[in-house]
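> Below are the sequence and a predicted model for it; my questions follow.
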Amino acid sequence: MFPQDIEDSKIKDFKISVLYGITILIGIVLIFRLFYLQVFKYKSYAERAQYSTSRISILFAPRGIIYDRNGKVFATSRQSISIIAYPNKLKKKEDKVKVYRILSKILKNNSKKVRQRFFNLPEDAALPVRIVSDISIEEAIQIVEKQHILPGISIQEEPIRFYPNGALASHVLGYTAQIDERELNNRPERKLGDIVGKSGVEKLFDDIIRGIDGKTIVAVDRFGKPIYPDFDKGIIHVDPIPGKNIYLTLDLDLQKAAEDAMKDAKINGAVVAVNPNNGEVLALASYPNFDPNIFTKPLPSALWSSLITKKAFINRALLGYVPGSIWKPITLIAGLSAMVVQPNEIFHVSGAVYLGSTRFGDWTSKEDNLSVVEALAWSRDTAFYQIGKRLKPEQIRWWGKKLGGGKKTGIELLAEEKGIIPDSKWKKEHLKEDWYPGNTLHYAIGQSFLLVTPVQVARIYSGIATGKTVPKLHVVKKISDYLKPVEPADTYKLDPALVRVVKAGLETCVESGTGGASKIELAMVAGKTGSAEVPGSHKTHGWFASYAPAENPEIAVVVFAEKAGHGGSVAAPIAKKIYQHYFTAKLKQAEPTPSPSPSPEEFKKPAIEQKQETAKPQNSESMSSENMKSLNPKKKKFLFFRKKMD
């Protein structure tokens, strides 16, 4: 073979090898692509294939019911009508624009969020997406009537959250609304249009309350109409599973009494009522509040702005504030335990004391000699300045932390603040300054850098009430049949005789001191008023922290009145109303209720006749013609169109 032929043969072999290589490479790419589509994208394409030959309706699961401790309903569900969109029918922008233009004329409340949600529909979504919840019957009828010019748009009935008591306990319950983009990023298991808890118990227990959605799949023709509308086997139906019910520790009636008392007083603030023995929260109110029912449909911007301006979404029971004189029992406990204050000591009080040339004033200039109990009952600052001179900030801080300050309470609510229980180390770390003796004097009367939350104060006064234990607070009693275990309480040791001195001061405060406005006849209340100066302002926060009955405590009540004045005049009267309701209700429960006797006429009737009169008619899935006649005409028209759609 000639050299030229050999060279040509090599070139030919090389070309064949390259061709084989390219063919094999393409084959490998195709195999991998096929494998990717068959394995990794199977679910997506299967759903899209099914979607093109069927109509899928999501059957939204009703959220679990939220009850109070006695089984009264705080939150439930009601039937509503929603607008849903099928994204694969609205892929073109011009189609979306045309459909939205028609929808915007139908909807009475057409917010910016609805527009954003509609134009951000995911093109590859295999399931329908909720666009608007809780539309009116009139709007639903118009959508059904214009179905032929609204491709990809439908309506469906679904359960929606309903709060029968309106704004009652809104800061505990929270509210629900459609998931936003930020939440979607954090919760990949959810999808666009889902209703989720946004705050309170609704948010914290969302996965438990929400249940599992079902679905209905109906075979349809190319026009989207069911192929076998009357053939049961032509429909795949998966029932939704309702969410779990939650029972709170709250007492609905006591909660209402607390909120009504705050509303009547026309103050912003918070009320916390707890069982000091086990930490159950009996009432937790923050005012201003909001009605969670408003979030079932697009919220008007004017209403939203009004709520933001009033700071209605802030749960003031969880925020830190300067406590003022309600802190004085802790200062006294620190002094007694350190033996720098004697239980029978007499303090000379006046208009002020001096530290060097610095004047530390009292709330009154009246001069007197008072016992420890009287000094606490009358909240004399000059007595507690003297105690402060004998203490180090670390000693006050130790007891403040021991009784529940400076840390979260354990309550099942988000956004709770820890507060600040300062000492010299804290000031050096946070303010880069040394601790001065004057700081301790302010600390002793509940001012300085000190911050506590109303729920923390409820723990502190529960600890004083029991004399040995500080319970962890909780608002959830049980989930369905699962009884939530109570966390062990914190404990402290203090000579019972010293505890008795502090308690005597709190009892005297109500009986003859600054807390007289909280006194009731049904039980002895022990408590402490407080008026805390607001930094950078001439206003004061009003406080009243208390428990009752003084001899055997079963309820502790804390009232915080934001920038409202003195605790004895603004907060104590609110506590009185709460105690009055609590002990009146308890008294009524203790009274035996006689069963009503039947009237003489009842004895004359045959037993069968009595049974027929008391029997209730059974519900029926089908509506009789008589019932149809009694329906509102608009409702009848909607039912007619819905049947026509199905």
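Yep, it's here.
> For the rest of this, base every contact and every neighbour count on C-alpha atoms.
Fine.
> show me where the stretch 301-450 of the chain has strands.
Along the stretch 301-450 of the chain, counting by DSSP state E, counting those that start in this stretch, strands occupy 346-349, 352-355, 358-361, 368-371.
> With mean pLDDT as added columns, please give these in a markdown table.
Below are the strands of the stretch 301-450 of the chain laid out as a markdown table (pLDDT from 0 to 100):
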| stretch | mean pLDDT |
| --- | --- |
| strand 346-349 | 98 |
| strand 352-355 | 96 |
| strand 358-361 | 96 |
| strand 368-371 | 98 |
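> Please identify the most buried of these.
When the strands of the stretch 301-450 of the chain are scored by mean count of other C-alpha atoms under 10 Å, the highest mean neighbour count falls to strand 346-349 (a mean of 18).
> So which of the strands of the stretch 301-450 of the chain is nearest residue 280?
Residue 280 sits nearest to strand 368-371 of all these, at 35.1 Å, using C-alpha to C-alpha.
> Which residues does that closest one contact?
The contact list for strand 368-371 (C-alpha atoms under 8 Å, 6 or more residues apart in numbering) reads 344-350.
> ok, now with 6 Å
Contacting residues not belonging to strand 368-371 are listed as 345-349 [C-alpha atoms under 6 Å, 6 or more residues apart in numbering].
> Can you pull the poorly scored residue ranges out of this structure?
1-13, 40-55, 110-111, 124-126, 219-235, 593-646 (pLDDT under 70).
> Centroid-nearest residue for it?
Taking C-alpha atoms, centre = their mean, the centroid of the chain lies closest to residue 200, which sits 1.5 Å from it.
> coming back round to it: and the strands of the stretch 301-450 of the chain as CSV, adding distance to residue 98?
Shown next, in CSV, are those (distance: least, C-alpha to C-alpha, whole Å):
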stretch, distance to residue 98
strand 346-349, 80
strand 352-355, 77
strand 358-361, 73
strand 368-371, 82
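> With residue 282 as the reference, name the closest of those.
Taking the strands of the stretch 301-450 of the chain one by one with C-alpha to C-alpha, strand 368-371 is closest: 35.1 Å.
> about what we covered before: the residue nearest to the centre of the chain contacts residue 174, correct?
Yes - at 4.0 Å, residue 200 counts as touching residue 174 under the criterion of C-alpha atoms under 6 Å.
> before we move on, the earlier item: tell me the spacing between the residue nearest to the centre of the chain and residue 313.
10 Å (C-alpha to C-alpha, to the nearest Å).
> and if you look at residue 25?
Residue 25 is 61 Å from residue 313, by C-alpha to C-alpha.
> And those two? Which one has more around it.
Set residue 25 next to residue 313 and count neighbours by other C-alpha atoms under 10 Å: residue 313 wins out with 18 against 12.
> how much space between that one and residue 541?
Residue 313 is 20 Å from residue 541, by C-alpha to C-alpha.
> same question, residue 288
According to C-alpha to C-alpha, residue 288 stands 16 Å off from residue 541.
> go on, residue 392?
From residue 392 to residue 541 the distance is 26 Å (C-alpha to C-alpha).
> more crowded one of the two?
residue 541 (24 against 16).
> which residues are contacting stretch 571-590?
For stretch 571-590, the surrounding residues in contact (C-alpha under 6 Å, 6+ apart) are 258, 261, 517-518, 542-544, 559.
> Show me what counts as buried in that stretch.
571-583 (16 or more other C-alpha atoms under 10 Å).
> re earlier: now the residue nearest to the centre of the chain. Its backbone dihedrals?
phi 60, psi -150 (degrees, to the nearest 10).
> now do the one 4 residues further on
Residue 204 has phi and psi values of phi -60, psi -30 when expressed as degrees, to the nearest 10.
> Give me the neighbour count for it.
Close neighbours of residue 204, defined as other C-alpha under 10 Å, add up to 17.
> again with residue 484
Neighbours of residue 484 using other C-alpha under 10 Å come to 13.
> Against residue 246, how distant is the residue nearest to it when sequence neighbours are not counted?
Excluding the flanking residues, the one nearest residue 484 by C-alpha to C-alpha, 6 or more residues apart in numbering is residue 478, at 5.0 Å. Distance, residue 478 to residue 246, by C-alpha to C-alpha: 6 Å.
> Over to residue 205?
For residue 205, the distance to residue 246 equals 9 Å [C-alpha to C-alpha].
> Which one's more surrounded, those two?
For residue 205 versus residue 246, neighbours defined as other C-alpha under 10 Å are more numerous around residue 246 (26 against 17).
> surely that one meets residue 69?
No - the criterion here is C-alpha under 6 Å, and residue 246 misses it with residue 69 at 9.8 Å.
> related to what we said a few turns ago, narrow the contacts of stretch 571-590 to those in helices?
Residues of these located in helices (DSSP state H): 258, 261.
> So which of the contacts of stretch 571-590 wins on neighbours?
Among the contacts of stretch 571-590, the one with the most neighbours (other C-alpha under 10 Å) is residue 543, at 33 neighbours.
> Name whatever forms a beta bridge with it.
Beta bridges link residue 543 to residue 530, residue 560 when assigned by DSSP bridges.
> for it, what are its contacts?
Contacts for residue 543 (C-alpha under 6 Å, 6+ apart) come out as 529-530, 559-560, 567, 571.
> so which of the residues you listed comes closest to residue 497?
Nearest to residue 497 out of those is residue 529 (C-alpha to C-alpha; 23.2 Å).
> Not including adjacent chain positions, what is the nearest residue to that closest one?
residue 544 (4.5 Å).
> thinking that neighbour is in contact with residue 532, fair?
No - using C-alpha under 6 Å, residue 544 is not in contact with residue 532, being 11.1 Å away.
> possible to save the contacts of strand 368-371 as JSON lines with distance to residue 381?
Converted to JSON lines, the contacts of strand 368-371 look like this (distance: C-alpha to C-alpha, whole Å):
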{"residue": "345", "distance to residue 381": "16"}
{"residue": "346", "distance to residue 381": "14"}
{"residue": "347", "distance to residue 381": "11"}
{"residue": "348", "distance to residue 381": "11"}
{"residue": "349", "distance to residue 381": "8"}
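> so which of the residues you listed comes closest to residue 367?
Of all the contacts of strand 368-371, residue 367 sits closest to residue 349, with 5.5 Å by C-alpha to C-alpha.
> That closest one is in contact with residue 366, isn't it?
No - counting by C-alpha under 6 Å, residue 349 does not reach residue 366; the two are 7.6 Å apart.
> Could you give me the buried positions within the helix or strand containing residue 140?
Assessed by DSSP states H and E, residue 140 sits inside helix 137-145. Neighbour counts using 16+ other C-alpha under 10 Å place 137, 139-141, 143-144 of helix 137-145 among the buried residues.
> do stretch 327-339 as well
Within stretch 327-339, the residues that qualify as buried are 327-337, counting by 16+ other C-alpha under 10 Å.
> need these in CSV with distance to residue 509, can you?
Shown next, in CSV, are the buried residues of stretch 327-339 (distance: C-alpha to C-alpha, whole Å):
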residue, distance to residue 509
327, 14
328, 12
329, 12
330, 15
331, 16
332, 15
333, 16
334, 20
335, 19
336, 19
337, 22
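> Among the residues you listed, list the two that are farthest apart in space.
Using C-alpha to C-alpha for every pair in the buried residues of stretch 327-339, the one that comes out farthest apart is 327 and 337, at 15.9 Å.
> what's in contact with stretch 383-402?
With C-alpha under 6 Å, 6+ apart, stretch 383-402 has contacts from 331, 334, 347, 349, 421, 423, 440-441, 444.
> Just the CA atoms of that stretch, as CSV, please.
Only the C-alpha atoms of stretch 383-402 are listed here, as CSV (Å, rounded to 0.1, in the frame of the first residue of the first chain):
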residue,chain,number,x,y,z
ALA,A,383,-37.7,55.0,102.0
PHE,A,384,-36.6,53.0,99.0
TYR,A,385,-33.8,55.4,98.2
GLN,A,386,-32.5,54.6,101.7
ILE,A,387,-32.7,50.9,100.9
GLY,A,388,-31.0,51.5,97.6
LYS,A,389,-28.0,53.1,99.4
ARG,A,390,-27.5,49.9,101.3
LEU,A,391,-27.6,47.6,98.2
LYS,A,392,-25.4,46.9,95.2
PRO,A,393,-27.1,46.7,91.8
GLU,A,394,-26.1,43.1,91.5
GLN,A,395,-28.2,42.2,94.6
ILE,A,396,-31.3,43.9,93.1
ARG,A,397,-30.6,42.2,89.8
TRP,A,398,-30.3,38.8,91.3
TRP,A,399,-33.8,38.9,92.8
GLY,A,400,-35.2,40.5,89.7
LYS,A,401,-33.9,37.6,87.6
LYS,A,402,-34.9,35.0,90.2
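> That's all I had, so thanks and see you.
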